[in-house]
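K.L.:
the following block contains a protein sequence and its predicted model.
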Amino acid sequence: FVFDVLGLPIEQQGNVLALPPVDGKPNNVGVEDACSGIRSLTACVFAGSFLAAVFVESLGRKIILVLAAMMLAFLTNLGRSLFLTAWAYRHGHQAIEGAVHDIAGYAVLGVTVLGLLCLLPILNLRLAAPETGEAPAP
């Protein structure tokens, strides 16, 4: 559906995306089970859980932050998939192996963590240690 909206003639065949041939050679992109986004989702939920445990007091807001981590992980992984598929569409499927693939994966985690950090003040969470009410020592 998304590829149709973007105007890319890509056909999904199970876990393989059939892209138009490049130089007369097949240009298929296979999505491995290990690359399904589960590891990224796990890392993002861990980051959200950590931030919730450290910076959030109420249980409801902790749950909101962890759910936001899951949503951000999904959206950033969708963006990663679209980026890698468009890159393979333009440069061939070999172009997304190695550094491009890894950098896109790290970007997903980075964008998710930045998004969660931006949510902390929006949720009116404390980022500094609570004041004790004592006057500072001279």
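P.N.:
Thanks, I have the structure now.
K.L.:
can we go C-alpha only for contacts and neighbour counts from here?
P.N.:
Fine.
K.L.:
and Ala73, how close does it get to Arg39?
P.N.:
Note on Ala73: its distance to Arg39, by CA to CA, to the nearest Å, is 10 Å.
K.L.:
buried residues of whichever strand or helix holds Phe50, list them for me.
P.N.:
Assessed by DSSP states H and E, Phe50 sits inside helix 38-55. Buried residues in helix 38-55, defined by neighbour count with 16 or more other CA atoms under 10 Å: Ser40, Leu41, Ala43, Cys44, Val45, Ala47, Gly48, Ser49, Leu51, Ala52, Phe55.
K.L.:
reformat these as TSV; add distance to Pro21 and pLDDT.
P.N.:
Listed next are the buried residues of helix 38-55 as TSV, based on distance: CA to CA, whole Å; pLDDT from 0 to 100:
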residue	distance to Pro21	pLDDT
Ser40	30	82
Leu41	32	86
Ala43	35	88
Cys44	35	88
Val45	38	92
Ala47	40	92
Gly48	41	93
Ser49	43	95
Leu51	45	93
Ala52	47	92
Phe55	50	89
